[in-house]
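Engineer: Just need the structure, nothing else, for what follows:
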Amino acid sequence: MVNDLGLSPVLLRSVLLIAASPFLAPAAGGAPAQLPTQEAPPAEGELEAALVTAGLTLDRAAGVLSLPASVRVKNDLLEYLLVAPHGAAHESLFLTTVRPSLINAGLLLLGAEPGVNAYPEDLGGVDERGRTERRVHPPAGDGFFLYAGWCEQGESYFFRIEDLLRNLASGRSLRRHRWVYLGSRFAALKPDAPESFLADVEGNLINLSFFFQGNTLLTAALPECAEQTIWAANEWLLPPTDAPVRLFFARVPLETLPDGLRASLPEVPGEAPSGAQPPGNGR
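Structural biologist: Purely as a prediction, here's the structure:
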């Protein structure tokens, strides 16, 4: 049984409970702030208002969620696509100040169902370095197609996320694919403590390389993403570090940016990057 939001009662309850507490900046020293509790979850209308207040746009008809972000790492190795300020910002292409659990609420409102994370399988032998031989099974299941957009000098730029990432081993961009939705997880941080939403605590939202814990909201899902030292930005396509961009999570591939969302693209000051192209290149 589902409600008018398209979610099962269990998923709807999770969405509302997650959205009940505001996201706080990390405490001194980089430790995550304590998340407050609220006796009653917000009404459905309050949840949607919270999305708008945080700068998110949710288009259920198009199956698209978008959020504000900024360019973080352009000239070093990457393990993440998107993090919060208290996450692994030194190895992420993008950064957002939107609370991870609120982003998760928006993804759930689009009907996302958690997939299966990457996991290792021991093969029973050892390799030439004496390490246990294993096969890594890539993530599988429901997910989203990811895009980034911005404006410069009156031109709109709209890219598949994969086109903005380099595979240093193959010499090409990351292969286009659907990123698998994990939805993070709840866990107690210490004995007898209430459970916390781990994407909020750790600040890591989307991983490019595989992490078996399953604490992020989404994960890349290609076999080559088992490697952690072959990913970098296609920096000549990106605006400057710290420049604002908008990220889009789509349930189906987009041929181009929907007209209704074009006004949400942030303006980047300065000259347009020579390698970028106008709308339509992001299929």
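Engineer: need the helices for this protein, in chain order.
Structural biologist: 9-18, 44-53, 100-109, 198-202, 259-262 (DSSP state H).
Engineer: mind checking the longest strand of the chain?
Structural biologist: strand 143-152 (DSSP state E).
Engineer: How far does stretch 195-205 sit from its chain's centre?
Structural biologist: 13 Å (Cα atoms, centre = their mean, to the nearest Å).
Engineer: Check the separation of the first and last residues in it.
Structural biologist: End-to-end distance of stretch 195-205 (Cα to Cα, to the nearest Å): 18 Å.
Engineer: go on, stretch 48-64?
Structural biologist: Using Cα to Cα, the two ends of stretch 48-64 sit 14 Å apart.
Engineer: for it, which positions count as buried?
Structural biologist: 48, 50-51, 54-58, 62-64 (16 or more other Cβ atoms under 10 Å). Every C-beta, even on glycine, is put in place using the N, C-alpha and C of the backbone.
Engineer: rewinding a little: tell me, which of the helices of the chain is the model least confident about?
Structural biologist: With a mean of 52, helix 9-18 has the lowest mean pLDDT of the helices of the chain.
Engineer: Find me the pLDDT at Val126, would you?
Structural biologist: 74.
Engineer: Surely it and Thr132 touch.
Structural biologist: Yes: under the criterion of Cβ atoms under 8 Å, Val126 makes contact with Thr132 at 6.0 Å.
Engineer: ok so, going back, can you tell me which of the buried residues of stretch 48-64 is nearest Phe249?
Structural biologist: Val64 (6.8 Å; Cβ to Cβ).
Engineer: Tell me the bridge partners for the closest one.
Structural biologist: Asp59, Ala250 (DSSP bridges).
Engineer: Tell me the spacing between it and Arg99.
Structural biologist: Look at Val64 and Arg99: by Cβ to Cβ, to the nearest Å, they are 19 Å apart.
Engineer: now swap in His86 and tell me
Structural biologist: 11 Å.
Engineer: Which of the two has more residues huddled nearby?
Structural biologist: Arg99 (23 against 19; other Cβ atoms under 10 Å).
Engineer: got the phi/psi numbers for that one?
Structural biologist: phi -60, psi 130 (degrees, to the nearest 10).
Engineer: Quick check: it touching Ala54?
Structural biologist: Yes: Arg99 is within contact range of Ala54, at 6.9 Å (criterion: Cβ under 8 Å).
Engineer: so where's the stretch 1-150 of the chain shaky on pLDDT?
Structural biologist: 1-45 (pLDDT under 70).
Engineer: which stretches of the stretch 151-283 of the chain form strands?
Structural biologist: Listed in chain order, the strands of the stretch 151-283 of the chain (DSSP state E, counting those that start in this stretch) span residues 155-160, 165-167, 172-173, 179-181, 186-188, 195-197, 204-207, 218-219, 231-233, 244-250.
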